[in-house]
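>>> For reference, the sequence and a predicted model appear below.
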Amino acid sequence: MKEEEWMEDNGKQEERKEEDEGELKKVGRREISPGVFCQDKDLIFRQGLRGNYWVLYNYIIADKSFRCDESITYTTHADYTFLDNLEPIIERWMGPVSLAVYAPGEDFINSVQAILYFRNCLASELVRDYTTFHLFFDWEHTPQSVPSQDQLQNMVRFLGAFHYNLTIPLDHFRNVARETAQTHFVFPSDIELYPSPGTIPSFLEMVKANVGPGSPLKPRVYVNSIFEIDISAEHLPREKVELVNMIKSGLVIPFHKHVCSACHNIPFAQNWTEAPVKPGMSVLHVGKRVKPYQRWEPIYIGTNSEPVYDERLSWEGRREKMVQGYKMCVLDYEFHILDNAFLIHRPGIKTMKILHSNIDNKKVAAQNSFINKKILPQVKKTNQLVYCLGCCPE
């Protein structure tokens, strides 16, 4: 082929490539990292049955909308008494939040009024701009009325608390909040865990660069290290350097150190605190859920391709995140531990005394039996051709 013909043909290929990229953007399909695409989606109110629960998806929608490739959605769960955590989370996160709120019976109207208070009556508009709320309740405690979107505009009064002594379907929360996210990447977390500022842009830049350790053939998630801070601390750390200094002073400790250290005994934890702090974000180490980390409950950035949480389990029965970890081990997941990303719990160090006051031993025993006799055998049976099951300690 002559040089002129080659240049003309190459130019046409470039034009077609640009046209194809333009068409992809028109339909909302975007490349988030080399060879990995995501699809934009709108947040639209819908409702439906989920087990014994009726879910109002996207019941109250954030004012801001996001492309699938431009942010990470912080997905979490709560009842309305925990909504005061939203503003400090968003102030540090500055990205979309998807929150599932359990609102049975009379708690429904209290939840709506609390949401509207935090959306409309605070000095900042962070909650209004970034948080989408999903409400759900079980059939036995259906609210007397559910306000329409138009009626919500006139409800701003905040009432006092009303509680039912019900088992909390925590994994329903997690799945509802996660699957409704607009963004490709999601960060399922707890509402009292506050993320480190700047995580979103640094993480997306790292993913786009597509460099670092690990196998491209294995599934992966990106783990944040978690800490607790003493209630006497004047402020929360915003950067890793500040966090490490607080660890040295004793103001900050690893998460659940006095309650269940094995649950958050992250691989290479000491190396994480001692490693030199570099700009940006990268993967410090790749961990696996193997001994002695079989009880590890990592909190990670991932996608909706990850296994869903088992909705047969409750918060009161415990071990629900350990089951998730076992599923991911069976599927041979790599846990990529991020060097400059962390979560800090709402101030106050948890102790065994506080933990024991919240434990229902009968529910814990019943759920342990159900996990060991039903769930783990089911996971083994459905994944026996995927990975070496004997490599995953229970």
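Sure thing, it's come through. Residues are numbered from 1 along each chain as shown.

>>> the strands in the stretch 251-394 of the chain, which residues?
252-254, 283-287, 300-303, 334-345 (DSSP state E, counting those that start in this stretch).

>>> Parallel or antiparallel, which strands does the first one pair with?
The reference is to strand 252-254. strand 220-229 (antiparallel) (DSSP bridges).

>>> where's residue 43 relative to residue 180, distance?
As defined by C-beta to C-beta, to the nearest Å, residue 43 lies at a distance of 7 Å from residue 180. Bear in mind the C-beta positions are built from the backbone N, C-alpha and C, glycine included.

>>> Which of the two has more residues huddled nearby?
Legend: neighbour count by other C-beta atoms under 10 Å for residue 43 and residue 180, higher for residue 180 (22 against 17).

>>> In contact with that one, which residues?
Going by C-beta atoms under 8 Å, 6 or more residues apart in numbering, residue 180 touches 43, 57-58, 98, 132, 134.

>>> Please apply the same query to residue 367.
So residue 367 contacts 313-314, 316-319 (C-beta under 8 Å, 6+ apart).

>>> what does residue 140 give?
Going by C-beta under 8 Å, 6+ apart, residue 140 touches residue 52.

>>> wait, is it part of a helix?
Yes. Looking at residue 140 with DSSP: H, G, I helix; E, B strand; the rest coil, it is inside a helix.

>>> For the remainder of this discussion, apply numbering that starts at 6.
Got it, first residue is 6 now, which makes that one residue 145.

>>> May I ask which helix or strand encompasses residue 217?
Under DSSP states H and E, no helix or strand contains residue 217.

>>> likewise residue 123?
helix 112-125.

>>> in that helix, what counts as buried?
112-124 (16 or more other C-beta atoms under 10 Å).

>>> what's downstream of it, the next helix or strand?
Taking DSSP H and E, what comes next after helix 112-125 is helix 131-135.

>>> Let me see the backbone angles for residue 174.
Residue 174 adopts backbone torsions of phi -80, psi 70, taken as degrees, to the nearest 10.

>>> where do the helices sit along the stretch 256-399 of the chain?
With helices called from DSSP state H, counting those that start in this stretch, the stretch 256-399 of the chain shows them at 274-279, 325-335, 357-361, 366-375, 381-387.

>>> Please name the residues that touch residue 141.
Here residue 141 is in contact with 55, 58-61, 105-108, 177, 181 (C-beta under 8 Å, 6+ apart).

>>> Closest to residue 131 out of the residues you listed?
Each of the contacts of residue 141 was scored against residue 131 by C-beta to C-beta, and residue 106 proved nearest at 17.3 Å.

>>> give me the low-pLDDT residue ranges for the stretch 56-205 of the chain?
Regions of the stretch 56-205 of the chain meeting the criterion pLDDT under 70 cover residues 158-171.

>>> nearest to residue 35, of the strands of the stretch 256-399 of the chain?
Nearest to residue 35 among these is strand 305-308; the distance by C-beta to C-beta comes to 13.8 Å.

>>> what helices or strands is the closest one leaning on?
Secondary-structure packing of strand 305-308 (3 or more C-beta pairs under 8 Å, 6 or more residues apart in numbering; DSSP states H and E): strand 190-193, strand 225-234, strand 339-350.

>>> Skipping its backbone neighbours, what lies nearest residue 198 in space?
Excluding its sequence neighbours, the residue lying closest to residue 198 (C-beta to C-beta, 6 or more residues apart in numbering) is residue 348, at 4.3 Å.

>>> does that neighbour really touch residue 197, like I thought?
No. Taking contacts as C-beta atoms under 8 Å, residue 348 lies outside contact range of residue 197: 9.6 Å.
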